[in-house]
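Chemist: Here is my input, please return the structure:
(chains A and B)
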Amino acid sequence: MILTRLATAWALFQGLLIEALPFLLIGVLISAGARWFAPGGRWLRRLPSHPLLGPLTGAALGFALPACECGNVPVARRMLSGGAPLGAGLGFLFAAPVLNPIVIASTWAAFPDQPWLLLARPIGAVVVAVGLALLLGLVGEPQLLQADLLAERRLHQPLAAVGLLERSSGLVGAPPPSALSPEAAPVRPPLAELMKHASQEFLYLALLLVMGSVIAALVQSFVPRSWLLAVGGAPTLSILALMLLALVVSVCSSVDAFLALSFAAQVTPGALLAFLLLGPVIDLKLVSLLGLLFRPRGLVLTTAGAALMVLLIGQWVNLWRL
Amino acid sequence: MTPPLLQRAALWRAASLGLWALVMLYSSVDGRLDLLLRAVFHPLVALAGLLLLLVALLQLRLAFGPGRQERGDRRQARTLLLTAAIALLVLLLPPAPSFADLAGQRPRDETAESELSFVLPPAQRSLTDWVRLLRSQPDPKLFAGDPVRISGFVLPMEGEPPQLARLLVRCCLADASPVGLPVHWPAGQAPFPADQWLAIDGVMGLRPAPGGGGERLEVVPSRIRPIPRPARPLEP
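Modeler: Predicted coordinates for the structure are as follows:
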């Protein structure tokens, strides 16, 4: 019995992994492409740093870079390490998995008879992304971002943008005019260097993806899903249950709408939207990947903040639609 | 002092990437993807395998290029070894899921009928077509006596005889949800084990529903044949 279950978990693991690896590769190649076409990433630092405009611009970039959440992590890491404003990077990380043409098309294909969902999903994703960017912005970058990402990021930020206590070099006092634009002419990295970096990044992310997929496959095999769907009709419980399901199932945002279709009839509309909003932001498979960007405190805040906002949005939708 | 094996980091990267490329490409040809993913994603996996192979070859060229003795650090070496080991494990241990076990844990698929299969004559309807049709037409009398030719696996049910079932998959095995048809198993026949694939010819018949809830349609088999698991066991 236990062997049968383990064999099933092994198959689930392979399914999750093989489905996500192409998207991870796309993300890594986009990130490498950005390094090649815009060396130094000056455009990244021109993104708005306004607390509201920043995340909104980041979110809108999802339309230009269609990848789902696994592929978004390397791209968001590239943005942050290149010195993009924190809000813009986080807005992209959290909203782009929903705000891209593929995901919107698949949501429409799955729910052609529910036009409200087609509007509510992108709007909800933007609200959650802006909220998370504001929340994580309160923490301060040194406490939020992983040390190596932070070090890379500081290299690309003008010295004046870094707090005095965080500087490891430079002069105290008014910066000389040249310090405001530290890089005179960014050098395009040689192709060999670019491929080496991309290969390392892909292999490291693949390892994290393996860990996430193992956890997701084990939880899925040993926790009956009917437990989660048993509370389908209760307004609040159904939202919580479907949020848990989104965490556990860990499928890509480009296909989760089709999965939601299979139980849409059994759950409240708020719970359905909660499933479609939370999965792209955080799930078991993503936790280890996001660990590449955030320190544990950032991960906990992301999970708690996203869960709270999605719960509130779900409740509000249930009040409106039920 | 770096151990000599680590001195060609590019070679290790090439090997590791090559193994992952092999995983993707080999999965695309050995029928494994039919068991794991919906068909739409198969070309994507093959393409990713080809791209990975290309990157691996570039790394190989780098490893043996002139004057490129790149030394890796220990952490990098650990990542490379570990990913290579996992890729090997995935290659050597093909998936062998128990569909009945998976289906037993999942809620039934509740998708409404798509219009297409209405035009199919009864004997050409698949198990999935039948389940969706019966769900959209609540009056079972409409279909009593219709010929049935279906295949599926044996799914044990709680408190009633096993059903013949299929798994519907929208993305990968992780989101599989089962659909099943009740079967009126011939009296005196030894029960088939869970997961056994069967092809059944017969007719739809009205039988009293278990639990006394009126009548329901069951497949009344005239011929039951055990078959091997089909090459494409998942249905969209």
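Chemist: Domains in chain B, by residue range?
Modeler: As given by automatic domain parsing, the domain ranges for chain B are B:4-96, B:100-235.
Chemist: Out of those domains, which gets nearest to residue A:222?
Modeler: domain B:100-235 (8.8 Å; Cβ to Cβ). C-beta coordinates here come from the backbone N, C-alpha and C atoms, glycine included.
Chemist: got a list of what residue A:316 touches?
Modeler: With contacts defined as Cβ atoms under 8 Å, 6 or more residues apart in numbering or on different chains, residue A:316 is in contact with residue A:270.
Chemist: and what of residue A:131?
Modeler: A:305, A:309.
Chemist: What's the per-residue pLDDT of it here?
Modeler: The model reports residue A:131 with a pLDDT of 95.
Chemist: Residue A:168 too?
Modeler: pLDDT for residue A:168: 56.
Chemist: send the alpha carbons of stretch A:293-301 over as CSV?
Modeler: The C-alpha coordinates for stretch A:293-301 follow below in CSV (Å, rounded to 0.1, in the frame of the first residue of the first chain):
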residue,chain,number,x,y,z
LEU,A,293,15.2,36.0,-3.6
PHE,A,294,14.0,36.4,-0.1
ARG,A,295,15.3,35.8,3.4
PRO,A,296,12.9,33.6,5.5
ARG,A,297,11.3,36.7,6.9
GLY,A,298,10.4,37.9,3.4
LEU,A,299,8.9,34.4,2.6
VAL,A,300,6.8,34.4,5.7
LEU,A,301,5.5,37.9,5.1
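Chemist: For chain B, give me the ranges with low pLDDT.
Modeler: B:1-7, B:66-72, B:110-119 (pLDDT under 70).
Chemist: Grab the most central residue of chain B for me.
Modeler: residue B:35 (3.3 Å; Cα atoms, centre = their mean).
Chemist: before we move on, back to that, let's have the domains of chain B in TSV, adding distance to chain A.
Modeler: What follows is the domains of chain B, written out as TSV (distance: least, Cβ to the nearest Cβ, whole Å):
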stretch	distance to chain A
domain B:4-96	3
domain B:100-235	4
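Chemist: Tabulate these (TSV), appending distance to residue A:253.
Modeler: Below are the domains of chain B laid out as TSV (distance: least, Cβ to Cβ, whole Å):
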stretch	distance to residue A:253
domain B:4-96	14
domain B:100-235	11
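Chemist: show me the contacts for the residue nearest to the centre of chain B.
Modeler: Residues in contact with residue B:35 (Cβ under 8 Å, 6+ apart) are A:11, B:95, B:97, B:173, B:233-234.
Chemist: again with residue A:118
Modeler: Counted by Cβ under 8 Å, 6+ apart, residue A:118 has contacts A:104, A:107-108, A:111.
Chemist: Determine the three-state secondary structure at residue B:151.
Modeler: Counting by DSSP: H, G, I helix; E, B strand; the rest coil, the backbone at residue B:151 sits in strand.
Chemist: now it, nearest residue through space, not along the chain?
Modeler: Closest residue to residue B:151 apart from its sequence neighbours, by Cβ to Cβ, 6 or more residues apart in numbering or on different chains: residue B:199 at 4.4 Å.
Chemist: Now for the one you found, how many residues are close by?
Modeler: Residue B:199 has 16 neighbouring residues, counting by other Cβ atoms under 10 Å in any protein chain shown.
Chemist: in the helix or strand harbouring it, what's buried?
Modeler: Per DSSP states H and E: residue B:199 is located in strand B:197-208. Residues of strand B:197-208 classed as buried by neighbour count (16 or more other Cβ atoms under 10 Å in any protein chain shown): B:197-200, B:202-207.
Chemist: Which other helices and strands does it contact?
Modeler: If you count contacts as 3 or more Cβ pairs under 8 Å, 6 or more residues apart in numbering or on different chains; DSSP states H and E, strand B:197-208 packs onto strand B:147-157, strand B:215-226.
Chemist: now with 10 Å?
Modeler: Packing partners of strand B:197-208 (3 or more Cβ pairs under 10 Å, 6 or more residues apart in numbering or on different chains; DSSP states H and E): helix B:127-136, strand B:147-157, strand B:160-168, strand B:177-182, strand B:215-226.
Chemist: Okay, now the sheet partners of it, with direction.
Modeler: strand B:147-157 (antiparallel), strand B:215-226 (antiparallel) (DSSP bridges).
Chemist: Turn these into JSON lines, including mean neighbour count.
Modeler: Shown next, in JSON lines, are these (neighbours: other Cβ atoms under 10 Å in any protein chain shown):
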{"stretch": "strand B:147-157", "mean neighbour count": "20"}
{"stretch": "strand B:215-226", "mean neighbour count": "16"}
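Chemist: Residue A:98 is nearest to which of those?
Modeler: strand B:147-157 (35.1 Å).
Chemist: what about dumping the CA coordinates of that closest one to PDB?
Modeler: The C-alpha trace of strand B:147-157 is given here as PDB (Å, rounded to 0.1, in the frame of the first residue of the first chain):
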ATOM      1  CA  PRO B 147     -24.700  -0.400 -26.900                       C
ATOM      2  CA  VAL B 148     -21.500   0.400 -24.900                       C
ATOM      3  CA  ARG B 149     -17.900  -0.200 -25.900                       C
ATOM      4  CA  ILE B 150     -15.500   1.300 -23.400                       C
ATOM      5  CA  SER B 151     -12.200   0.800 -21.700                       C
ATOM      6  CA  GLY B 152     -10.800   2.000 -18.400                       C
ATOM      7  CA  PHE B 153      -9.200   0.800 -15.200                       C
ATOM      8  CA  VAL B 154     -10.900  -0.900 -12.200                       C
ATOM      9  CA  LEU B 155     -11.500   1.700  -9.500                       C
ATOM     10  CA  PRO B 156     -12.600   0.200  -6.100                       C
ATOM     11  CA  MET B 157     -15.500   2.200  -4.500                       C
END
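Chemist: what angle do that strand and strand B:160-168 make?
Modeler: Orientation check (axes from the mean of the first three to the mean of the last three Cα atoms, to 10 degrees): strand B:147-157 against strand B:160-168 gives 110 degrees.
Chemist: Pull the distance from strand B:147-157 to the chain's centre.
Modeler: Distance of strand B:147-157 from the chain centroid (Cα atoms, centre = their mean, to the nearest Å) equals 17 Å.
Chemist: Please apply the same query to stretch A:89-97.
Modeler: 6 Å.
Chemist: List the buried residues for it?
Modeler: Buried residues in stretch A:89-97, counted by 16+ other Cβ under 10 Å: A:89-97.
Chemist: biggest separation within those residues, which pair?
Modeler: A:89 and A:97 (14.0 Å).
Chemist: If you count contacts, what does the one helix or strand residue B:86 maps to end up packed against?
Modeler: Here residue B:86, judged by DSSP H and E, is contained in helix B:74-92. With contacts defined as 3+ Cβ pairs under 10 Å, 6+ apart, helix B:74-92 has these neighbours: helix A:2-37, helix A:191-222, helix B:9-29.
Chemist: residues of the first one that come out buried?
Modeler: Pointing back at helix A:2-37 there. For helix A:2-37, using 16+ other Cβ under 10 Å, the buried residues are A:4-5, A:7-32, A:34-35.
Chemist: Likewise for the last one?
Modeler: With burial defined by 16+ other Cβ under 10 Å, the residues of helix B:9-29 counted as buried are B:9-25, B:27-28.
Chemist: residues in contact with residue A:35?
Modeler: A:41, A:78, A:81-82, A:188-189, A:193-194, A:197-198 (Cβ atoms under 10 Å, 6 or more residues apart in numbering or on different chains).
Chemist: if we go to 8 Å?
Modeler: A:41, A:78, A:189, A:194, A:197.
Chemist: Next, count neighbours for the fourth one.
Modeler: If I follow you right, that is residue A:194. 17.
Chemist: And it, how far from residue B:59?
Modeler: 12 Å (Cβ to Cβ, to the nearest Å).
Chemist: before we move on, what about the first one?
Modeler: Computed as Cβ to Cβ, the residue A:41 to residue B:59 distance reads 24 Å.
Chemist: And those two? Which one has more around it.
Modeler: Neighbour comparison, residue A:41 and residue B:59: the larger count goes to residue B:59, with 25 against 20 (by other Cβ under 10 Å).
Chemist: if you skip the residues just before and after it, what's nearest to residue A:201?
Modeler: Excluding the flanking residues, the one nearest residue A:201 by Cβ to Cβ, 6+ apart is residue A:28, at 5.3 Å.
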